[in-house]
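**Q** Give me a 3D structure for the following:
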Amino acid sequence: MSLVSCEDFLQREPLDFGNDQAFLKNVDDMRNYTNGYYSLFPSMRSGFWGGVYADDNNSDNQAGPSANQLFYRGDKYTPLVKDSHWKFDHIRNLNYFINRMKADVPAGKVSGSPDLINHYLGEAYFFKAYEYFRLLSNLGDVPIIDDVLSEDYDGLIAASKRMPRNEVARYILGLLDQSKLLLMEKAPESGRLTKDAALLMKARVALFEATWEKYHQGTTFAPGNPKWVGAASHPNFAFAGGSIQSEYNYFFEQAIAAADSVASKRSLFADYASLFNDTKGTVMASPEVILARYYLQGVNAHSATHYLQRTGAGTGLTRAMVETFLTKSGLPVYADNTYQGDSLMYLMLQNRDIRLTSSVKPGGLVVNGTDTIVNYKPLIYSSGNQGTPTGYELKKWISYEAGQDATPTSGTSATPVFRVAEAYLIYLEAYYERYGQLGGNCDTYWKALRTRAGVSTDYQATIAATDLNLENDLATKSRGTFVDATLYNIRRERRCEFVAEGMRLMDLKRWRSLDHMLNYQVEGINLWADIYRLYSADQIKVGQTVSSSSLSTYLRPYQIVSTSIVYDGYTFPKPHYLEPVPVSEIIMTSTNGQDNSPIYQNPGWPAKISGPADYNFDCD
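**A** Alright, predicted model coming up:
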């Protein structure tokens, strides 16, 4: 087969790395090389709708204008390489940089401060780890590549072999260890990586892999059993510790240690809301923020405040998300007799977790004597990115500074990328998963999170009051079975802390909680209880802009039109736990039309012709 016909094949074609005689000769060149990789981090879009605030539209936390094909059968297909996660171009370029610097720096060919030379090399190791985590979290088993590959066909075939996911995860931790050794404690300039960023990323990767292996063990999605999709390609596979339990415990322990290294020396910023609307950089300079993305007028200013302030922004929190937040007394809403219900949004927000009240616009109308307390109608009647599908419009990420909402290129509020709150939460979860108790620093970290949220610090009272059957949360279960109340409340804490930050889907996948998504109806505000009275007849029309009250008093954005493909709700197809490998990559690395490619397909997805998954495939 002619190699020039291949679309990707590990981006094997020679890349233009510039003039070797003139480039990468000093620390400024190194800095410029790694600058481009900061665009990999989550951000707000400039000039267009979208960004971090809408990333959770792919979860049960938020809903977008249309149904997400991840959660139902038939519309999700094996992609072309350009539309897939099977991309290695960044890794190839970073391999070139790392290998070049490892050779040139000791030879004295790179001038500048040794500390800066080490720092920028450490950034390259970090970004390589970050890219590998993207591959791991979406594809599972992937090739491990340290060299810039040549045009040698046999060499390319060998390098394409997918490696067991746990070995990939261990490899990522090694990259982050190397990054931590090289990075500075304090960034050489604002907005750059530090040692703590590497440690937090290590904790994130380790917790992800530990929980994935624990909850997917014994299935096609995890190594070490005959059902594993890579079993035939790795007939002699064995875990380093002898069992999958020893392997995921190793990752839990790595997560605990890395998270504690960061959490033990950094405090939370007192004002939660201010973390997401800082235009001056003062909040981003606080100990909580380990890394942030910054924006400048006329350069990369974003559209977040413009859309969130002036429109429904094409997103909305779900009823399930809103109900997860506790009252200030630390009780679930069903266990607190002071909770006033959700017939009016204003009432629903009273006496609740600050992370909720600072993240949702208070809509509805309450008249106290002659005073109107709230008079705002969520834009449920507007379509697309102008409306809100659920009615729970986002307030989080809005800057109320004059001019920030003027145009889609006016926003300059920073985006936190890594926060120490994540280290607190990783420690809590990993420690409890590993040891089955809340020892170590769990009490300190959990109480700190709840104190800032304005919630009672007595988490044991929360645990005692929790009835998993009354919780409106997919994460109450893993593998179709209820988890215990303590673990669920740790998951609750994580869900509430990271509202509208794009973290939820990854959590649901690693916990294997999407098994629980069966005929799942996405719901929003309690429209037909009382709020509907605020709207005119031409604004809310059953079957056009809102769902019928005969279905539910709650707004159901995907049950408005009877022809909706998810009218009967979402049912998660298990093959969707992992993204498919492009079929072209499998065919290109096969010989003589045989099924002998080192790139095996993920469970349930076709390997010979593009199409949807086989939904009868036994993933368990």
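**Q** What are the buried residues along stretch 550-564?
**A** By 16 or more other CB atoms under 10 Å, the buried positions in stretch 550-564 come out as 551, 552, 553, 554, 555, 556, 557, 558, 559, 560. For glycine as for every other residue, the C-beta is placed from the backbone atoms N, C-alpha and C.
**Q** which among those residues gets closest to residue 56?
**A** The shortest approach to residue 56 among the buried residues of stretch 550-564 belongs to residue 557, at 14.8 Å (CB to CB).
**Q** Grab the nearest non-local neighbour of the closest one.
**A** residue 389 (3.8 Å; CB to CB, 6 or more residues apart in numbering).
**Q** Surely that neighbour is in contact with residue 65?
**A** Yes: counting by CB atoms under 8 Å, residue 389 touches residue 65, with 6.0 Å between them.
**Q** Name the residues contacting each of the two.
**A** residue 314 (CB atoms under 8 Å, 6 or more residues apart in numbering).
**Q** mind putting the buried residues of stretch 550-564 in a markdown table, secondary structure included?
**A** Shown next, in a markdown table, are the buried residues of stretch 550-564 (DSSP: H, G, I helix; E, B strand; the rest coil):
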| residue | secondary structure |
| --- | --- |
| 551 | coil |
| 552 | coil |
| 553 | coil |
| 554 | coil |
| 555 | coil |
| 556 | coil |
| 557 | coil |
| 558 | coil |
| 559 | coil |
| 560 | coil |
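**Q** Of these, just say which sits nearest to residue 232.
**A** Nearest member of the buried residues of stretch 550-564 to residue 232, counting by CB to CB, is residue 558, at 39.6 Å.
**Q** What residues does residue 135 make contact with?
**A** Here residue 135 is in contact with 85, 86, 142, 168 (CB under 8 Å, 6+ apart).
**Q** What ranges does the stretch 251-400 of the chain have for its strands?
**A** 289-293, 364-368, 371-376 (DSSP state E, counting those that start in this stretch).
**Q** What ranges in the stretch 351-500 of the chain fall below the confidence cut-off?
**A** Within the stretch 351-500 of the chain, not a single segment meets pLDDT under 70.
**Q** wouldn't residue 161 be in contact with residue 598 here?
**A** Yes: the pair residue 161 / residue 598 is scored as a contact, 3.7 Å apart, by CB under 8 Å.
**Q** intersection of neighbour lists for the two?
**A** Among the neighbours of residue 161, those also in contact with residue 598 (CB under 8 Å, 6+ apart) are residue 233.
**Q** what's near enough to touch residue 240?
**A** 170, 246, 247, 250.
**Q** If we ignore the residues flanking it in sequence, what's nearest the first one?
**A** When the adjacent residues along the chain are set aside, residue 170 lies closest to residue 240, with 8.0 Å between them (CB to CB, 6+ apart).
**Q** re earlier: of all the buried residues of stretch 550-564, which two lie farthest apart?
**A** The largest separation in those, counting by CB to CB, is between 553 and 558 at 16.5 Å.
**Q** Find the helix or strand that residue 28 is a member of.
**A** Here residue 28, judged by DSSP states H and E, is contained in helix 27-35.
**Q** tell me how far that helix is from the chain's mean position?
**A** Centroid separation for helix 27-35 versus its chain: 28 Å, with CA atoms, centre = their mean, to the nearest Å.
**Q** Using CSV, list the CA coordinates for that helix.
**A** Provided in CSV are the C-alpha atoms of helix 27-35 (Å, rounded to 0.1, in the frame of the first residue of the first chain):
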residue,chain,number,x,y,z
VAL,A,27,16.2,29.9,26.1
ASP,A,28,14.1,32.4,24.1
ASP,A,29,13.8,29.9,21.3
MET,A,30,12.8,27.2,23.8
ARG,A,31,10.2,29.5,25.3
ASN,A,32,8.8,30.4,21.9
TYR,A,33,8.6,26.7,21.0
THR,A,34,6.5,25.7,24.1
ASN,A,35,4.3,28.9,23.9
